[in-house]
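1. no FASTA, just this:
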């Protein structure tokens, strides 16, 4: 069983479209995250949810809207996709918001044409 | 948040011990040092975390001097499968999930 799973793994779409990436964790963790990795390999946090409540929002454009229906799921919806949104998006989870290990998914590679 | 600096790349051979040093000059009192490993097309994977002196687990050792302005990740007897990018991070005690990843060190292990 995959601990943190994301779908889809690859996504190719046109500018202006709306798309979603789904994430599920089966670790029983309270906290989930979305990270973005650009072409230069820099990983940057976008959002964090703890028990379905938003706790970190790192100056991400309003076109990005996370949704957490329950603490095991954190989905990312992106409106009006732009070329600069092309990146690998990683979902992660952790036991709490304090110290400790983050468990990352395998990533979802988004390509905007 | 404390910024980290580490070598962009390192080369090694199978069976050698690899030490990757990271500097974090403005680390704060409540900050911890954490290392992650990332293979191509995969998400980062936690390796080790420490506050001071030495921490060891089944994968690596982490050495942190008394001033905590730097740290060294030590990988004993590397194999080809240790080829990956290694990230040094400074983690705030009550913001453990807000990881700030730098450029990382791309380790290449050769036969």
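-> Thanks, I have it. Keep in mind that what you see is a predicted model, and the values were worked out from it rather than measured.

2. Show me what secondary structure element comes after the helix or strand bottoming out on mean pLDDT in chain A.
-> When each helix and strand of chain A is scored by mean pLDDT, DSSP states H and E, strand A:53-57 comes last, with a mean of 85. Using DSSP states H and E, the helix or strand that follows strand A:53-57 towards the C-terminus is strand A:64-70.

3. Next, the buried residues of that following strand.
-> Neighbour-count burial for strand A:64-70, counted by 16 or more other Cβ atoms under 10 Å in any protein chain shown, picks out A:64, A:66, A:68. Every residue, glycine included, has its C-beta placed from N, CA and C.

4. quick one: which of the residues you listed is nearest residue A:27?
-> residue A:68 (15.1 Å; Cβ to Cβ).

5. That closest one and chain B: what is the separation?
-> 14 Å (Cβ to the nearest Cβ, to the nearest Å).

6. ok, now which ones touch residue A:17?
-> By Cβ atoms under 8 Å, 6 or more residues apart in numbering or on different chains, the contact list for residue A:17 reads A:80-81.

7. That one: what secondary structure?
-> Classification of residue A:17 by DSSP: H, G, I helix; E, B strand; the rest coil places it in coil.

8. Show the pLDDT at it.
-> Confidence at residue A:17, expressed as pLDDT, is 97.

9. Give me the spatial nearest neighbour of the closest residue to chain A within chain B, chain neighbours excluded.
-> Of all residues in chain B, the one sitting closest to chain A is residue B:43 (2.8 Å; Cβ to the nearest Cβ). Once flanking residues are discounted, residue B:43 sits nearest to residue A:104: 2.8 Å by Cβ to Cβ, 6 or more residues apart in numbering or on different chains.

10. Check what pLDDT residue 2 gets.
-> In the absence of a named chain, this looks at chain A. Reported pLDDT for residue A:2: 72.

11. hmm, I had chain B in mind actually
-> 64.

12. In chain B, what residue spans correspond to strands?
-> B:9-13, B:18-23, B:31-38, B:45-50, B:53-56, B:61-64, B:70-75, B:84-92, B:105-110 (DSSP state E).

13. for the record, mean pLDDT for the longest one?
-> Spelled out, it's strand B:84-92. 91.

14. Out of the strands of chain B, flag the one nearest residue A:16.
-> Per Cβ to Cβ, nearest to residue A:16 of the strands of chain B: strand B:31-38, 31.6 Å.
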